[in-house]
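> 3D model of this:
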Amino acid sequence: MSTARANPVAAIFRRLLRAAGIVVIFSVVGPLTTAALVSVMVTALGAAVLQLFLALLELEALRALASIAIVLLAIATVLASFLPAVAAGLIFALPAVYADLNMIWMAWLAAAVAAAGFVAFGMFVVPSETSAVILPGIRSAPEALKLSAMLAIVAVIPASLCWWLAKPLHRVILPA
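As a prediction, the model looks like this:
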């Protein structure tokens, strides 16, 4: 007799814990990876322009401000990507644990759906000025589609890393 049949409550609890572990991995690793990716892109693309301005204007004091700005951008990226990462973790964890749909394309799809949901939420909800919620200000459907596609492309690398790190949790464990 298998352990799942002997104690179905324990099997349900184990699956729930595995799903919660996947969500935690997505909600921690996803925003950190996204922040690192955005920081590297900004640094790589903006370094040449910054060097040009520093050389032309002879403003070496701005070098420290630029590094502070990159750190602040990374912090804002972590904060802005936390809720979509949690949503992507939920969207991936439930089918991965309960329906055995744990392929990498499922993690990419979950990240794309979470990004599109985040953009769609930003179309209809405008937070107040005192709110800590960070949402994109979208005014039209074509703009929302473009932003959703761009965010889905950026989310491929963090989703892949989260899928790889969560692999032991979404693997099917067969009873002896």
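> in this structure residue 63 contacts residue 54, no?
Yes: Residue 63 is in contact with residue 54 according to Cβ atoms under 8 Å; the separation is 6.5 Å. C-betas here are computed from N, CA, C, even on glycine.
> those two: who's more crowded?
For residue 63 versus residue 54, the count of surrounding residues by other Cβ atoms under 10 Å is larger for residue 54: 15 against 12.
> give me the phi and psi angles of the more buried one.
Backbone dihedrals for residue 54, given as degrees, to the nearest 10, come out at phi -70, psi -40.
> retrieve the pLDDT associated with it.
Per-residue confidence for residue 54 comes out at a pLDDT of 72.
> gap between it and residue 65?
Taken as Cβ to Cβ, to the nearest Å, the spacing of residue 54 relative to residue 65 amounts to 11 Å.
> for residue 41, same thing?
Counting by Cβ to Cβ, the gap from residue 41 to residue 65 is 19 Å.
> and the strands in this protein?
When assigned using DSSP state E, the chain turns out to have no strands.
> quick one: low-confidence parts of it?
Judged against pLDDT under 70, the low-scoring parts of the chain cover residues 1-6, 58-61, 130-134, 170-176.
> where do the helices sit along it?
Defined through DSSP state H, the helices belonging to the chain, from first to last, are 3-6, 8-57, 62-98, 104-124, 141-154, 156-165, 167-170.
> which one of those lies nearest to residue 135?
Nearest to residue 135, of all the helices of the chain, is helix 104-124, at 3.8 Å by Cβ to Cβ.
> contacting residues for the nearest residue to residue 85 once chain neighbours are set aside?
If you skip the residues right next to it in sequence, residue 85 has residue 30 as its closest partner in space, 3.4 Å away by Cβ to Cβ, 6 or more residues apart in numbering. Counting by Cβ atoms under 8 Å, 6 or more residues apart in numbering, residue 30 makes contact with 81, 84-85, 88-89, 111, 155, 158-159, 162.
> could you dump those residues into TSV with neighbour count and distance to residue 142 added?
TSV is the format used below for the contacts of residue 30 (neighbours: other Cβ atoms under 10 Å; distance: Cβ to Cβ, whole Å):
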residue	neighbour count	distance to residue 142
81	27	23
84	25	21
85	29	26
88	30	24
89	30	29
111	32	22
155	26	20
158	24	26
159	31	25
162	27	30
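> adding distance to residue 119, write the residues you listed out as JSON lines.
Written out in JSON lines, the entries for the contacts of residue 30 read as follows (distance: Cβ to Cβ, whole Å):
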{"residue": "81", "distance to residue 119": "13"}
{"residue": "84", "distance to residue 119": "9"}
{"residue": "85", "distance to residue 119": "15"}
{"residue": "88", "distance to residue 119": "13"}
{"residue": "89", "distance to residue 119": "18"}
{"residue": "111", "distance to residue 119": "13"}
{"residue": "155", "distance to residue 119": "12"}
{"residue": "158", "distance to residue 119": "17"}
{"residue": "159", "distance to residue 119": "16"}
{"residue": "162", "distance to residue 119": "20"}
